[in-house]
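Trainee: how would this look folded up:
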Amino acid sequence: MNIDAALYRLMTWLSPSYPLGAFSYSHGLEYAVEAGFVHDRASFSDWIASAVTAGAGRSDGALLAAAWRAASEADRATLETIVELAGAWRGTAETALESRAQGAAFLATTRAAWPHPLLDALALLHRGEIALPVTVGVAAALHGVPLQATITSFLHAFAANLVSAGIRLIPLGQTDGQRIIATLEPVILAASENIRATPLDQVGTATPMLDWCSMRHETQYTRLFRS
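Mentor: Residues are numbered from 1 along each chain as shown. You can find the predicted model right below:
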């Protein structure tokens, strides 16, 4: 695919304007702010970096890469295994909802605007509910979008959505939010390269505090976000 066309599709699919409802999720950040774990730009930047390199960013990136490869090779059996793994590979009910609901929204919208028979088949087989990284990986492969660019863009979108939530919760100014995005650039680029080079069976997460905050968010008294 022409690089400009690939870039156009990535910018569209992973833009905040793509109707996934991503703005309604904080990935447990809302409780982390209430508990005082995240309270300024430095602590917030560290929190996101951990999520990207050792948390859901890492596991989702690996699932995306595996789904991209399976779809590229038309390996439906492996793809089905990845779909099942992605459905189980969440530490809490809210982060599972976060991935499942956004994946369903991505699949529905992409089928309508960027159709492909395999996307239709997956939607029919799984009743439209597939984890977000798998749907993104499959769509990118089917439309000829390069893997490395897809992983990097996905991680950037994940981090940017957390920054948007933190700006409202901590609160921080918009400029501080962009400073965090700039600080995270080498983190995301290195994580993207590492994810591409690591087999799926060697990937795991190591962010128990993020999972604990997500579980505490389930019973948080006052909430702005769904996770």
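Trainee: please, which helix or strand holds residue 133?
Mentor: Assigned by DSSP states H and E, residue 133 belongs to helix 132-142.
Trainee: what are the contacting residues of that helix?
Mentor: 9-10, 13-14, 20, 60-61, 63-72, 79, 82-83, 86, 99-100, 102-103, 106-107, 110, 114, 116, 118-119, 122, 145-147, 150, 154 (CB atoms under 8 Å, 6 or more residues apart in numbering). The C-beta positions use only the backbone N, C-alpha and C, and glycine is treated the same way.
Trainee: out of these, which end up buried?
Mentor: Buried by 16 or more other CB atoms under 10 Å: 9-10, 13-14, 20, 60-61, 63-71, 79, 82-83, 86, 99-100, 102-103, 106-107, 110, 116, 119, 122, 145-147, 150, 154, out of the contacts of helix 132-142.
Trainee: got the residue ranges for the helices in the protein?
Mentor: Applying DSSP state H to the chain gives helices spanning 3-13, 29-35, 41-54, 56-72, 76-88, 93-113, 117-125, 132-142, 147-169, 174-197, 208-217.
Trainee: could you check the angle the third one makes with helix 208-217?
Mentor: Translated: helix 41-54. 100 degrees (axes from the mean of the first three to the mean of the last three CA atoms, to 10 degrees).
Trainee: about what we covered before: give me whichever of the helices of the chain is most buried.
Mentor: Among the helices of the chain, helix 132-142 has the highest mean neighbour count (mean count of other CB atoms under 10 Å), at a mean of 27.
Trainee: distance of the closest residue to residue 68 other than its chain neighbours relative to residue 210?
Mentor: Leaving aside its sequence neighbours, residue 68 sits nearest to residue 137 (CB to CB, 6 or more residues apart in numbering; 4.0 Å). Using CB to CB, to the nearest Å, we find residue 137 at a distance of 23 Å from residue 210.
Trainee: same deal with residue 61?
Mentor: Residue 61 is 16 Å from residue 210, where distance means CB to CB.
Trainee: do the same with residue 125
Mentor: From residue 125 over to residue 210 the distance is 31 Å, taken as CB to CB.
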